[in-house]
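# how would this look folded up:
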Amino acid sequence: MNAQFEKITPENMFDSGDLKILICYLLASLSEAVPATETAQLFHYEGISNYFDTQTAIAELERDGYITVSEKAKDMYEITPKGISLSNTLKDTVSTALRTKVYNAVLKMLLRYKTERDTNITIEKTEGGALLTCKVENSGQTLFSFQLLLPGVPQAQALKTQILEDPKYYYDSFIKTLTDGLKEKKGE
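Numbers count the residues shown, from 1 in each chain. The predicted structure is shown next:
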């Protein structure tokens, strides 16, 4: 089944109805708002549907009351009770392998989206090089922030990219560095 699925191209994978069911299933499974533009891009890059068909399906689902724009942002969508009903009734018309593939891909996308939203990194060119300022938040509360003076903008850009890939790693490393040796010092 998976080998057969891998051969399907975006142009012939779905009719509009199947794509709409898949989007409703996805939103119902996640129980959180999903960005439409990134979802359309993800569906395209994962070979599920082309970008424009996905955007059209999202617009039609909104127009018909199956999904609604989230209060969080204008490009974020949430499922409505009508959409949940559609998803529950018709989800079996889309294969389990495809539903699983889409669900896992969108979870990764949402994690990246949340990371980018919660991690603010700026780079300011200075006389001595480039000042990278990083602030990581969780639910509006600052977890940690720091500034580093780097030799130049290219090095700052490289570090920014690396931090955005896994801010939790840097937070954990920062805490570990600060707490290493505390037990020995406490006993003195």
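# Determine the longest helix present in the chain.
helix 96-118 (DSSP state H).
# hmm, who's touching the helix or strand following that helix?
Counting by DSSP states H and E, the next helix or strand C-terminal to helix 96-118 is strand 119-126. For strand 119-126, the surrounding residues in contact (CB atoms under 8 Å, 6 or more residues apart in numbering) are 130-137, 149, 153, 156-157, 160, 163-164, 167. Where you see a C-beta, it was placed from the backbone N, CA and C, and this is true even at glycine.
# Next, count neighbours for I48.
22 (other CB atoms under 10 Å).
# Quick check, it in contact with L98.
Yes - contact criterion CB atoms under 8 Å: I48 and L98 qualify, at 7.4 Å.
# anything in contact with each of these two?
Counting by CB under 8 Å, 6+ apart, the residues touching both I48 and L98 are L22.
# what stretches of the protein score poorly on pLDDT?
Low-confidence segments of the chain, defined by pLDDT under 70, span residues 1-16, 90-91, 182-188.
# What are the structural domain limits within it?
2-116, 117-182 (automatic domain parsing).
# okay, those, which one's buried deepest?
domain 2-116 (a mean of 17; mean count of other CB atoms under 10 Å).
# what's the spacing between stretch 154-161 and its chain's center?
21 Å (CA atoms, centre = their mean, to the nearest Å).
# Adjust the sequence numbering to begin at 749 for everything that follows.
With the count now opening at 749, the last piece we talked about shows up as stretch 902-909.
# Contacts for that stretch, please.
I869, I871, G877, A878, L879, L880, C882, L896, L898.
# any chance of those in CSV, plus distance to G929 and secondary structure?
Shown next, in CSV, are the contacts of stretch 902-909 (distance: CB to CB, whole Å; DSSP: H, G, I helix; E, B strand; the rest coil):
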residue, distance to G929, secondary structure
I869, 29, strand
I871, 33, strand
G877, 31, strand
A878, 32, strand
L879, 29, strand
L880, 27, strand
C882, 25, strand
L896, 23, strand
L898, 27, strand
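# With distance to L855 added, can I get those in TSV?
Formatted as TSV, the contacts of stretch 902-909 follow (distance: CB to CB, whole Å):
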residue	distance to L855
I869	23
I871	30
G877	38
A878	34
L879	34
L880	29
C882	25
L896	31
L898	33
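# Looking at those, which is nearest V850?
I869 (30.0 Å; CB to CB).
# All set, thanks.
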